[in-house]
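**Student:** next input, structure requested:
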Amino acid sequence: MAAEKSCSLLIHFDKGTPAMANEIKEALEGNDVSRKVDAMKKAIMLLLNGETVPQLFISIVRYVLPSEDHTIQKLLLLYLEIIDKTDSSGKILPEMILICNNLRNNLQHPNEYIRGVTLRFLSRLNEAELIEPLIPSVLANLEHRHVFVRRNAILAIMSIYKLPQGEQLLGDAPELIEKALSTEQDLSARRNAFLMLFMCAQERAVNFLLNHLDNVPNWGDLLQMVVLELIRKVCRTKPSEKGKYIKIIISLLNSSSTAVMYECAATLVSLSSAPTAIRAAANTYCQLLLSQSDNNVKLIILDRLQELKASHREVMVEMIMDVLRALSSPNLDIKRKTLDIALELITPRNIDEVVMTLKKEVVKTQNKELEKNGEYRQMLVQAIHSCALKFPEVASTVAHLLMDFLGDTNVASAMDVAYFVREITETNPKLRESVIAKLLDIFYQIRSSKVCSCALWIIGEYCLSQQEVESGISTIKQSLGDLPFFTVTEDGEVVDPTATKSQGQTNKASVFAASTSSRRPAVLADGTYATQSATSEIAMAAPALAMGAASTTANLRAVLLTGDFFLGAVVACTLTKLVLRLEYIEGPTISVNKAVADALLLMSSMLTLGQSTVLPHPIDDDSFDRISLCIRLLSSPTDMMRQVWLKNCRESFVKMIVDKQHRETEETKANAQIANAQPDDLIDFYHLKSRKGMSQLELEDEVQDDLKRATGEFTKDGDNIRKLNRILQLTGFSDPVYAEAYVTVHQYDIVLDVTVINRTNETLQNLCLELATMGDLKLVERPQNYTLAPEASKQIKANIKVSSTETGVIFGNIVYETTSVLDRNVVVLNDIHIDIMDYISPATCADAAFRNMWAEFEWENKVAVNTNIQDEKEFLNHIVMSTNMKCLTPPSALEGDCGYLAANLYAKSVFGEDALVNISLEKQNDGKLTGFIRIRSKTQGIALSLGDKITLKQKK
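**Tutor:** Numbering: from 1, shown residues only. Below is the predicted model:
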């Protein structure tokens with residue numbers, strides 16, 4: 001395979017109507033300018049698409065070169081740019097000499113446009129023989145009156161100087177450009193001149209910069225961007241000199257150009273760890289975050305702030321209120337990322353301000369005109385919940401505000417509030433009485449079955465005093481309405497007796513007949529499947545849900561009449577707990593007996609409703625058994641049952657909270673990058689350090705470097721060990737050409753660093769590394785041909801773009817020629833498998849989010865368990881390690897030895913794809929593990945690749 005030529009010109013070509021060479025030639029030889037322009041365009045497009053039309057060259061030289069039309073001259077230069085100027089041996093074609101005279105005339109043309117485009121053409125020319133006679137004309141254009149010419153003359157000189165023979169052609173180019181830079185006034189020309197010094201004579205660029213330090217803030221943004229690039233390059237090669245450059249960057253932070261400000265902040269962070277420098281960079285990012293309207297820009301800046309938070313948290317803590325101002329953006333992704341950053345920067349000093357800001361945002365979400373208010377409110381509730389758990393003292397300021405949203409039409413948001421109230425009531429005993437009183441007041445507003453269930457559990461567990469218990473029973477009775485739940489008229493119609501006559505006509509259609517039920521598989525919290533009968537839960541306005549109720553306070557009755565008997569079972573359990581607690585407080589009294597009778601009547605009425613034919617489906621067995629158990633318990637309670645219902649249930653919840661807090665603490669410790677001070681840690685007395693005329697910023701930076709050096713942060717021995725582990729052998733030791741590759745994965749890019757060694761005593765000519773890919777991998781460029789001397793080696797790099805999380809394969813061969821053999825020799829390479837583990841990383845998500853994604857994702861890969869591991873937990877840990885995923889199932893749920901195990905795993909790819917895995921195991925009598933591993937994802941590639949990985953890694 002011949003090496004591909006570089007292309008500096010891309011034009012869309014319609015292959016449907018290709019032009020004929022004869023037609024183009026005829027148009028070129030005519031006198032019509034417009035036809036000549038069209039003909040030149042067609043000729044250029046034919047050449048770009050691989051067509052060879054050598055017969056056109058002479059016609060172009062005869063009829064196009066003399067033209068004075070600017071468009072034709074521009075197209076002529078494009079044509080000359082893409083035609084072959086050399087023969088197969090690399091020598092200049094004789095006819096190219098005809099072009100040189102025309103180019104020289106163009107460089108001396110009275111029109112500045114012709115001069116400028118010709119100079120731009122020369123900057124893309126690589127043939128030294130063609131350029132050499134034109135150099136005097138190019139240099140003369142450095143002093144042209146028009147800036148367009150001077151600007152392109154500088155670029156042309158830079159391109160010529162960078163050629164392999166550039167120093168012979170233009171040995172004094174840096175000196176000439178430096179002289180031009182000192183006198184030039186135009187910003188773009190100065191930028192090009194400084195860029196030329198930066199690329200070709202770095203010392204001159206540095207000297208010019210140091211001699212004009214005071215003027216740098218007044219230079220335009222184009223030139224300032226090149227200055228920043230120069231500073232980065234110099235500081236990488238000479239870290240000891242970065243102190244004087246950091247002051248330049250600090251001065252540029254106040255630039256009027258937002259691009260310069262952003263680059264300054266990024267450069268400052270990459271060069272220095274001094275708190276002053278980091279604080280300045282963070283301030284700049286926060287300014288840009290507020291001043292920019294583009295959402296993509298805001299997200300990029302938030303990513304930079306996230307990186308700063310990870311490495312310089314103590315500085316970012318001071319910026320938390322500035323970061324939170326980004327919540328004013330209407331974009332949900334920006335709000336979510338802002339909250340994620342802020343929640344990790346909370347300290348006892350700023351918690352009050354943060355919670356106050358979040359409360360204001362919650363109040364704003366009551367404005368119904370704003371889009372996606374429900375989702376945003378849910379995010380805010382979760383954020384406040386997190387704050388209240390870390391700092392319980394702030395819970396009192398937000399609990400009552402959030403409880404107003406228990407009746408929210410957004411069920412997910414209301415559920416988050418319910419979980420918050422449930423946890424705060426347990427962890428903050430001082431708030432219990434006020435929270436219970438508020439919950440009983442607003443219970444009638446709750447319209448969602450799930451939220452009602454959680455609220456009822458709270459009422460049943462935390463109503464402790466006699467007054468609270470009686471209020472709880474009364475609230476539930478009012479929410480259920482008057483009994484019975486239905487009656488049958490003389491005409492055989494089923495009606496709700498609490499409905500008015502006008503409502504009675506519509507009751508059957510609105511409540512009993514309209515509830516749509518379905519039987520579908522559900523994913524339980526442990527990842528296993530179950531079949532449930534349920535009505536689709538839709539949060540509706542109060543009047544619509546309660547059409548069959550006497551008033552809007554009968555919210556439980558309205559939900560029950562849709563056939564939701566799971567809620568009925570929760571009501572029965574709550575009443576049982578409240579009555580048992582009332583008996584415990586008062587003893588056996590008349591009022592307690594009356595409460596027991598009322599509760600039994602309500603439960604039996606629910607069973608009667610469930611077993612009737614008025615609802616689309618009867619009560620499910622689980623709910624029936626649960627309500628029946630409550631009836632039996634209230635009829636003949638025992639001390640053991642009282643202990644279970646009044647104490648053990650709550651103790652289980654406390655244990656769950658403690659376990660959750662323990663896991664969060666362990667994760668925080670694992671993620672903490674700044675360790676506590678150890679007895680042998682370095683103590684640096686920077687007041688005793690020699691200042692040597694350094695500024696405070698330079699001193700801070702030097703201290704930070706000393707600390708890094710002392711703590712071993714500058715040493716990269718671990719990287720070398722990892723690099724050795726990633727080297728792949730591509731050929732055998734006995735092959736005439738030995739090759740090995742080091743594969744580096746940078747998210748969307750794969751870099752192959754291939755070392756090729758000539759093992760023979762002959763010179764290998766036209767050696768080429770031919771690669772091909774399978775999967776969503778694409779070669780960016782193909783390596784060129786090389787010549788290898790005997791026993792010599794060559795480093796060849798190949799870049800590959802990755803477009804999805806899928807196991808890809810790179811395969812190919814090395815082709816070369818020798819002087820003794822005319823045919824080409826081929827050495828086939830071993831395949832390189834790109835591992836999916838390079839693209840996915842462990843992540844966390846809520847159980848509800850996991851189940852929603854599991855239901856939505858359409859691709860499932862089911863892998864049967866086939867392993868020699870005999871312990872369930874050992875197998876789970878082995879799969880977690882092999883797949884680079886995180887186990888979402890808490891360790892407490894995996895405790896015990898029952899012979900069964902079910903766990904959920906989760907990971908996220910660099911492309912934002914979600915990978916869900918459910919492991920279900922059973923231990924057989926012979927000790928062998930059986931079961932299935934199910935993988936689900938939105939795309940097919942990640943499901944198949946993960947399945948293949950698990951299949952390979954199941955056995956130890």
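**Student:** how about the helices in the stretch 101-250 of the chain?
**Tutor:** 112-122, 128-131, 135-140, 147-161, 166-169, 173-183, 187-200, 202-211, 221-237, 242-252 (DSSP state H, counting those that start in this stretch).
**Student:** how about low-confidence regions in the stretch 651-800 of the chain?
**Tutor:** By pLDDT under 70, the weakly predicted segments of the stretch 651-800 of the chain are 668-725, 746-747, 776, 780, 782-783.
**Student:** so the most centrally placed residue in the chain: helix, strand or coil?
**Tutor:** Nearest to the geometric centre of the chain sits residue 912, at 5.4 Å (Cα atoms, centre = their mean). Following DSSP: H, G, I helix; E, B strand; the rest coil, residue 912 is assigned to coil.
**Student:** if I look at it, how far off is residue 848?
**Tutor:** 20 Å (Cβ to Cβ, to the nearest Å). In this view, the C-beta of every residue, glycine as well, is placed from N, C-alpha and C.
**Student:** cool, residue 337 as well?
**Tutor:** Separation of residue 337 from residue 848 (Cβ to Cβ) stands at 21 Å.
**Student:** between those two, which one's more packed in?
**Tutor:** A side-by-side neighbour count of residue 337 and residue 848, using other Cβ atoms under 10 Å, places residue 337 first with 20 against 14.
**Student:** my read is the more buried one is in a helix, agree?
**Tutor:** Yes: per three-state DSSP, residue 337 lies within a helix segment.
**Student:** the closest residue to it other than its chain neighbours: which element?
**Tutor:** Nearest residue to residue 337, sequence neighbours excluded (Cβ to Cβ, 6 or more residues apart in numbering): residue 302, at 4.6 Å. Assigning secondary structure by DSSP states H and E places residue 302 in helix 295-311.
**Student:** ok, residues contacting that helix?
**Tutor:** If you take Cβ atoms under 8 Å, 6 or more residues apart in numbering as the criterion, helix 295-311 is touched by 262, 265-266, 269, 278, 281-282, 285-286, 288-289, 292, 315-316, 319, 323, 326, 329, 331, 333-334, 337-338, 340-341, 344-345, 673.
**Student:** and if you look at stretch 760-773?
**Tutor:** Contacts of stretch 760-773 (Cβ under 8 Å, 6+ apart): 1, 3, 736-737, 739, 752, 754, 756, 758, 779, 782-791, 794, 796, 798, 800, 808-820, 824.
**Student:** which stretches of the stretch 751-900 of the chain form strands?
**Tutor:** Applying DSSP state E, counting those that start in this stretch to the stretch 751-900 of the chain gives strands spanning 764-774, 777-779, 786-788, 793-802, 808-817, 825-828, 832-834, 840-842, 859-864, 886-887, 900-909.
**Student:** and the very next helix or strand once past the last one, what's its mean pLDDT?
**Tutor:** Sequence-wise, the next helix or strand beyond strand 900-909 is strand 914-923, with elements assigned using DSSP H and E. Per-region confidence: strand 914-923 scores 90 on mean pLDDT.
**Student:** partners of strand 914-923, with directions?
**Tutor:** Sheet pairing of strand 914-923 (DSSP bridges) gives strand 900-909 (antiparallel), strand 929-937 (antiparallel).
**Student:** dump those strands to TSV, plus mean pLDDT.
**Tutor:** Formatted as TSV, these follow (pLDDT from 0 to 100):
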stretch	mean pLDDT
strand 900-909	89
strand 929-937	90
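**Student:** looking at the ones you listed, which is nearest to residue 856?
**Tutor:** strand 929-937 (9.0 Å; Cβ to Cβ).
**Student:** who does whatever helix or strand comes next after the closest one touch, helix- and strand-wise?
**Tutor:** Heading C-terminal from strand 929-937, the first helix or strand you meet, by DSSP H and E, is helix 940-953. Using 3 or more Cβ pairs under 8 Å, 6 or more residues apart in numbering; DSSP states H and E, the elements in contact with helix 940-953 are strand 859-864, helix 872-883, strand 914-923, strand 929-937.
**Student:** okay, the angle between the second one and strand 914-923?
**Tutor:** Looking back up the chat, that one is helix 872-883. 150 degrees (axes from the mean of the first three to the mean of the last three Cα atoms, to 10 degrees).
**Student:** coming back round to it: got TSV for the strands of the stretch 751-900 of the chain, with mean neighbour count too?
**Tutor:** Below are the strands of the stretch 751-900 of the chain laid out as TSV (neighbours: other Cβ atoms under 10 Å):
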stretch	mean neighbour count
strand 764-774	18
strand 777-779	16
strand 786-788	17
strand 793-802	16
strand 808-817	20
strand 825-828	14
strand 832-834	19
strand 840-842	17
strand 859-864	15
strand 886-887	18
strand 900-909	21
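**Student:** compare these and give me the one nearest residue 477.
**Tutor:** strand 900-909 (39.5 Å).
**Student:** mind listing what the closest residue to residue 577 other than its chain neighbours touches?
**Tutor:** Closest residue in space to residue 577, ignoring its immediate chain neighbours: residue 460 at 4.0 Å, by Cβ to Cβ, 6+ apart. Contacts for residue 460 (Cβ under 8 Å, 6+ apart) come out as 472, 573, 574, 577, 578.
**Student:** can you tell me how far residue 884 is from residue 253?
**Tutor:** 40 Å.
**Student:** do residue 281 as well
**Tutor:** Distance from residue 281 to residue 253, by Cβ to Cβ: 8 Å.
**Student:** now for this structure, the helix or strand with the poorest mean pLDDT.
**Tutor:** helix 542-545 (a mean of 34; mean pLDDT, DSSP states H and E).
**Student:** after it, next one along is what?
**Tutor:** In the C-terminal direction, the helix or strand that comes right after helix 542-545 (DSSP H and E) is helix 555-560.
**Student:** buried residues of the helix or strand that comes right after that following helix, list them for me.
**Tutor:** Using DSSP H and E, the helix or strand that follows helix 555-560 in sequence is helix 565-586. Within helix 565-586, the residues that count as buried by 16 or more other Cβ atoms under 10 Å are 565-583, 585.
**Student:** counting by contacts, list what helix 565-586 packs against.
**Tutor:** helix 449-462, helix 466-480, helix 555-560, helix 590-611, helix 621-635.
**Student:** could you dump it to CSV, C-alpha only?
**Tutor:** Provided in CSV are the C-alpha atoms of helix 565-586 (Å, rounded to 0.1, in the frame of the first residue of the first chain):
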residue,chain,number,x,y,z
PHE,A,565,-54.9,-2.8,47.6
PHE,A,566,-51.2,-2.6,48.4
LEU,A,567,-52.1,0.8,49.9
GLY,A,568,-54.9,-0.9,51.7
ALA,A,569,-52.5,-3.3,53.3
VAL,A,570,-50.3,-0.3,54.4
VAL,A,571,-53.4,1.4,55.9
ALA,A,572,-54.2,-1.9,57.8
CYS,A,573,-50.6,-2.1,59.2
THR,A,574,-50.5,1.5,60.2
LEU,A,575,-53.9,1.2,62.0
THR,A,576,-52.6,-1.9,63.8
LYS,A,577,-49.5,-0.2,65.0
LEU,A,578,-51.4,2.9,66.2
VAL,A,579,-54.1,0.8,68.1
LEU,A,580,-51.4,-1.4,69.7
ARG,A,581,-49.5,1.7,70.8
LEU,A,582,-52.7,3.3,72.1
GLU,A,583,-53.3,0.1,74.1
TYR,A,584,-49.7,0.3,75.4
ILE,A,585,-50.2,3.9,76.6
GLU,A,586,-53.7,3.7,78.0
